[in-house]
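Participant: Pasting the sequence and the predicted coordinates here, then a few questions.
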Amino acid sequence: MNLVQEYLSLATEVVSFEAYENKKAVNAYNRQATRMRKIAIEIEQNFPDLKDEFCKLLCHENRKICLWVAHHILEVMNYDQISRKTALHEIRYHAMTDKSVNRLGNKMWLEDWYKKHPMDRSL
């Protein structure tokens, strides 16, 4: 299994997580989310040949997986302007449509992002 496949496998589990009252399950969720971030960093630093495959996950059928990918593309990876624009669009979509508490989290994330990256407002 390559790193992109491992990331997708973890993301599939993470986006289906619902056992917030179970401390052991929450700890496992946190480990999986941390591993996903480390995979994105590892691809960026050591496996640039996998970046195109990773970026294609922005078009995954599960929009929650797209959201995780979008955050990692912007936060820990370097991509061209088109990929960055697509990632920002995905986060904006969730900030506007998500019915959960994550909606507010993504709105706050965008506000902070634009303060640090004002040029991205035009993307």
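Facilitator: Yep, it's here.
Participant: Show me which residues of the lengthiest helix in the chain are buried.
Facilitator: Across the chain, the helix with the greatest residue count (assigned by DSSP state H) is helix 23-46. Across helix 23-46, burial judged by 16 or more other Cβ atoms under 10 Å covers 29, 32-33, 36, 39-40, 42-44. Backbone N, C-alpha and C define where each C-beta goes, glycine included.
Participant: between those residues, which is nearest residue 68?
Facilitator: Nearest to residue 68 among the buried residues of helix 23-46 is residue 36, at 6.4 Å by Cβ to Cβ.
Participant: Skipping adjacent residues, who's closest to that closest one in space?
Facilitator: Spatial nearest neighbour of residue 36, chain neighbours left out: residue 10 (5.1 Å); criterion: Cβ to Cβ, 6 or more residues apart in numbering.
Participant: Adding pLDDT and distance to residue 92, write the buried residues of helix 23-46 out as a markdown table.
Facilitator: Below are the buried residues of helix 23-46 laid out as a markdown table (pLDDT from 0 to 100; distance: Cβ to Cβ, whole Å):
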| residue | pLDDT | distance to residue 92 |
| --- | --- | --- |
| 29 | 89 | 25 |
| 32 | 96 | 25 |
| 33 | 96 | 21 |
| 36 | 98 | 21 |
| 39 | 98 | 24 |
| 40 | 98 | 20 |
| 42 | 98 | 27 |
| 43 | 98 | 24 |
| 44 | 98 | 23 |
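Participant: Now do the residue nearest to residue 36: how many residues are near it, please.
Facilitator: By the criterion of other Cβ atoms under 10 Å, residue 10 has 19 neighbours.
Participant: ok, back up a step: other SSEs contacting whatever helix or strand comes next after the longest helix of the chain?
Facilitator: Sequence-wise, the next helix or strand beyond helix 23-46 is helix 51-55, with elements assigned using DSSP states H and E. When contacts are defined as 3 or more Cβ pairs under 8 Å, 6 or more residues apart in numbering; DSSP states H and E, helix 51-55 packs onto helix 3-15, helix 23-46, helix 63-76.
Participant: Name the nearest residue to the spatially most central residue of the chain, sequence neighbours excluded.
Facilitator: Closest residue to the average C-alpha location of the chain: residue 68 at 2.0 Å, with Cα atoms, centre = their mean. Nearest residue to residue 68 in three dimensions, chain neighbours excluded: residue 11, at 5.3 Å (Cβ to Cβ, 6+ apart).
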